[in-house]
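Asker: Need a 3D model of the sequence below.
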Amino acid sequence: MNVIDDKVKLIYKNTVNNKVSYSIGLSKKKEDGSYENGYMPCRFKKDVELDNKAKIKIKNAWLDFYKVDKKTFVYLFINEFEKVEEQQKSVDNFSSAKEVTIEPDDLPFY
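Answerer: Here you go, the predicted structure:
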């Protein structure tokens, strides 16, 4: 299963006993409109190092697994990605807007 995503994803770094592991933050919208967050282990090519809470866009990844004592552990292998250095700034298009008056006769549903 290949994974390509143009949305920014957050990567979490965890170091225990000088061993680094990563996980990717996931979220989904629930029926009540709130969001539920989850995390999945992920791995990168050898020699890739990321900071905690690094922001990336996934260019090429796939699901992979390993087994320990006949138990399967799934993770996302991220082969290619793009670092997102800074957040995109939102533009206020309405700061110089002029007030507009709409007459009831101009509305299609009056």
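
Asker: what's the distance between the residue nearest to the spatial centre of the chain and residue 54?
Answerer: Central residue of the chain (Cα atoms, centre = their mean): residue 9, 2.2 Å from the mean position. Counting by Cβ to Cβ, to the nearest Å, the gap from residue 9 to residue 54 is 9 Å. Backbone N, C-alpha and C define where each C-beta goes, glycine included.

Asker: which stretches of this structure have low pLDDT?
Answerer: Filtered on pLDDT under 70, the chain yields the residue ranges 86-102, 104, 106-110.

Asker: now the helices for it?
Answerer: Counting by DSSP state H, one finds no helices in the chain.

Asker: What ranges does it have for its strands?
Answerer: Under the criterion DSSP state E, the chain contains strands at 2-16, 19-29, 35-44, 54-68, 71-83.

Asker: CA-only coordinates of the third one in CSV, if you can.
Answerer: Written as CSV, here are the backbone C-alpha positions of strand 35-44 (Å, rounded to 0.1, in the frame of the first residue of the first chain):
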residue,chain,number,x,y,z
TYR,A,35,-11.2,15.5,16.2
GLU,A,36,-9.7,12.3,17.4
ASN,A,37,-5.9,12.0,17.4
GLY,A,38,-3.8,8.8,17.1
TYR,A,39,-0.2,7.9,16.4
MET,A,40,1.5,5.3,14.3
PRO,A,41,5.2,4.2,14.4
CYS,A,42,7.2,5.3,11.4
ARG,A,43,10.6,4.7,10.0
PHE,A,44,12.9,6.5,7.6
